[in-house]
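**Student:** Structure, please.
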Amino acid sequence: MFYSHMGRLHAALDEAGARVRTCATGTSGQGTVEYVGLILLVSLLMVGMVAAMRGFSGQQGTELAELIVDKIQAAVDKVSFR
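**Tutor:** The predicted model follows:
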């Protein structure tokens, strides 16, 4: 079940990426689009991992999920806008 959801998510991201690529007419700002896509991909993988780990009844899965969430929250708290 998890793999089918990840497959659908990958297909949706691929389709969205194709739409973004067709909308982009020049190369200016292309790096930003790629970085945003990578950040979204990594964050979705982390969310999927946390969701999968919370589904396990063992203590290790819950601890790993909490650790990942804590690290993400700490990284977000360090971001400052100028």
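**Student:** biggest helix in this protein by residues?
**Tutor:** Taking DSSP state H as the criterion, the chain has its longest helix at helix 30-55.
**Student:** by contact count, what packs against it?
**Tutor:** helix 2-23, helix 59-78 (3 or more Cβ pairs under 8 Å, 6 or more residues apart in numbering; DSSP states H and E). All C-beta spots, glycine's among them, are computed from the backbone N, C-alpha and C.
**Student:** Now the shortest one: average pLDDT?
**Tutor:** Confidence over helix 59-78 (mean pLDDT, whole number) is 80.
**Student:** list the helices and strands that helix packs on?
**Tutor:** Using 3+ Cβ pairs under 8 Å, 6+ apart: helix 59-78 touches helix 30-55.
**Student:** Now do the helix it packs on against helix 59-78, angle only.
**Tutor:** 150 degrees (axes from the mean of the first three to the mean of the last three Cα atoms, to 10 degrees).
**Student:** Okay, angle between helix 30-55 and helix 2-23 too, please.
**Tutor:** Using the same axes, to 10 degrees, helix 30-55 lies at 170 degrees relative to helix 2-23.
**Student:** Report the distance from helix 30-55 to the chain centre.
**Tutor:** 1 Å (Cα atoms, centre = their mean, to the nearest Å).
**Student:** and it, what's its mean pLDDT?
**Tutor:** Helix 30-55 comes out at a mean pLDDT of 79.
**Student:** and what of stretch 14-21?
**Tutor:** 78.
**Student:** hmm, who's touching that stretch?
**Tutor:** For stretch 14-21, contacts defined as Cβ atoms under 8 Å, 6 or more residues apart in numbering pick out 33, 37.
**Student:** related to what we said a few turns ago, any idea which of the helices and strands packed on helix 30-55 gets closest to residue 45?
**Tutor:** helix 2-23 (8.6 Å; Cβ to Cβ).
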